[in-house]
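Q: Okay, here's the prediction I keep looking at, along with the sequence it came from:
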Amino acid sequence: MLLQSFFPLFLLIYEFCAYMSNDMYLPALISIEQDFATTTNLVQTSIVVWYAGLALPQLYAGALSDRFGRRIVLLWGGTVFFLSTVGCALSTHIYFFLLCRFLEGAGICSMLVSGYSAVHESFDDAKAIRIIAWMSCITVLAPMFGPLMGSYLLEFSGWRSIFWSISISSAAAIAALFFIMPETNQSPCHKQKPDIYLKLLSNRQFVMSSLTLGLLIAVMIAWMTASPFLLMQEEHLSAMEFGWAQVPIFAAYGISTRLVGFLHEHYGSKILLKSGFSIIFFAGLYLTAGNYLAFDSMHRFIVPLAIYASGFGLLSAPLNRIVFTSTNEKKGTVTAMFYLIEMGTACLITSGLSLISFYHLVVCLILCSSLSLFLSQYKRLRTGDPHNIKA
């Protein structure tokens with residue numbers, strides 16, 4: 001029982017390794033392109049397929065977790081993540097690298113479904129909320145410090161060392177979880193009703209809110225995909241300078257997410273939705289101006305994306321809460337369908353970077369997400385939140 005109390009700690013370490021697998025190697029994209037003698041589009045696709053792996057198996061991971069238990073699904077998924085990360089380090093061809101990147105994402109999706117469910121089932125409300133808050137911080141810390149840490153490894157030992165370091169760290173965390181993670185699903189569901197997904201897809205509030213979050217996240221994915229080439233090739237930043245350039249953007253996101261609780265407590269979810277809506281719309285105008293007025297890299301990319309990230313940080317928590325309070329279906333299934341819609345939308349749109357420039361794609365995404373947010377939350381934006389949704 002004492003050992004099981006360390007379960008959240010090693011889950012946090014595993015989650016950190018999982019997200020770092022998509023953030024530490026960003027400065028190495030150009031080196032990977034040169035090593036594999038391939039195209040920029042294919043190297044950029046390695047980010048998109050990671051998110052696709054994260055999204056597509058969600059429905060199966062949720063059903064398997066409900067049927068066989070949280071522990072076995074998370075551990076098998078962790079094994080897939082470890083082996084595929086080793087595969088990335090050993091890759092000698094871009095297509096094998098892309099396959100391993102997809103499997104990395106597929107392994108991580110088991111952690112999202114089983115790990116978060118196990119936390120909710122293991123602890124009371126107060127402790128679960130504290131643990132989830134720490135887990136949410138990981139999603140900010142990884143993109144903020146990942147490129148910087150990756151640039152150090154890239155400078156001294158090459159891009160393959162990035163994946164070796166992640167594989168070793170994740171193996172230690174997964175091994176610890178094997179010994180201490182409890183099984184929290186005490187009432188396994190042996191039959192999954194097929195119509196539950198149709199019910200969710202017919203829920204307008206659920207679908208629109210999930211799509212809106214997908215559009216908002218697509219901007220951040222597009223930036224991560226394009227930024228190494230925009231900053232390192234076009235603006236001639238070094239790998240170290242590129243790593244530092246990411247910090248203001250994700251620091252802005254982290255700070256705004258820390259303000260959500262205070263703003264919601266004093267002003268309610270209406271102010272969060274209105275403020276976030278206004279900020280991301282202004283960021284789109286700034287980004288457009290920077291493109292046509294030829295600002296320097298700081299004002300052309302970093303400042304507008306930092307502004308956008310702060311608005312996204314205000315919107316993320318209340319929109320997530322709206323998604324989960326819009327239906328009474330089992331939360332494991334809701335989580336799986338939510339991630340499928342959210343990340344599936346983001347991946348599908350971000351793949352358009354091979355067809356349209358970063359500027360035009362992101363400006364279109366900001367306009368579409370603003371419109372989607374306005375249409376899906378019109379009643380709350382106008383009259384406030386009658387249900388007092390908590391972020």
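A: That came through fine.

Q: What's the separation between residue 279 and residue 82?
A: According to C-beta to C-beta, to the nearest Å, residue 279 and residue 82 sit 39 Å apart. Where you see a C-beta, it was placed from the backbone N, CA and C, and this is true even at glycine.

Q: With residue 262 instead?
A: 39 Å.

Q: Looking at the two now, which is surrounded by more residues?
A: residue 82 (23 against 9; other C-beta atoms under 10 Å).

Q: For that one, which three-state class applies?
A: Three-state call for residue 82 (DSSP: H, G, I helix; E, B strand; the rest coil): helix.

Q: quick one: contacts for the most centrally placed residue in the chain?
A: Closest residue to the average C-alpha location of the chain: residue 139 at 6.7 Å, with C-alpha atoms, centre = their mean. Residue 139 makes contacts with residue 19, as judged by C-beta atoms under 8 Å, 6 or more residues apart in numbering.

Q: Likewise for the one 10 residues further on?
A: Contacts here follow C-beta under 8 Å, 6+ apart; on that basis residue 149 touches 20, 24, 243.

Q: Save those as CSV, and put in pLDDT and distance to residue 237 too.
A: Shown next, in CSV, are the contacts of residue 149 (pLDDT from 0 to 100; distance: C-beta to C-beta, whole Å):
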residue, pLDDT, distance to residue 237
20, 89, 21
24, 90, 17
243, 84, 9
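
Q: Out of the residues you listed, grab the one that's most surrounded.
A: residue 24 (29 neighbours).

Q: which residues sit in contact with the closest residue in space to that one that isn't next to it in sequence?
A: Closest residue in space to residue 24, ignoring its immediate chain neighbours: residue 150 at 3.6 Å, by C-beta to C-beta, 6 or more residues apart in numbering. Residues near residue 150 by C-beta under 8 Å, 6+ apart: 23-28, 162, 239, 243.

Q: Pull up the gap between residue 66 and residue 195, please.
A: Applying C-beta to C-beta to residue 66 and residue 195 gives a distance of 16 Å.

Q: Who has more neighbours out of the two?
A: The neighbour count for residue 66 versus residue 195, taken as other C-beta under 10 Å, is higher for residue 66 (24 against 8).

Q: element containing the nearest residue to residue 314 once chain neighbours are set aside, please.
A: Distances taken as C-beta to C-beta, 6+ apart place residue 276 nearest to residue 314, at 3.8 Å, with adjacent residues excluded. Element membership for residue 276 (DSSP states H and E) is helix 269-293.

Q: for residue 13, same thing?
A: Per DSSP H and E: helix 7-23 holds residue 13.

Q: Which helix or strand lies directly C-terminal to that helix?
A: helix 29-36.

Q: hey, C-alpha coordinates of that next one in PDB?
A: Taking Å, rounded to 0.1, in the frame of the first residue of the first chain, the C-alpha atoms of helix 29-36 are listed here in PDB:
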ATOM      1  CA  LEU A  29      14.300  18.200 -37.500                       C
ATOM      2  CA  ILE A  30      16.700  19.700 -39.900                       C
ATOM      3  CA  SER A  31      19.500  17.300 -38.900                       C
ATOM      4  CA  ILE A  32      17.000  14.400 -39.400                       C
ATOM      5  CA  GLU A  33      16.100  15.700 -42.900                       C
ATOM      6  CA  GLN A  34      19.800  15.800 -43.800                       C
ATOM      7  CA  ASP A  35      20.600  12.300 -42.300                       C
ATOM      8  CA  PHE A  36      17.700  10.600 -44.100                       C
END
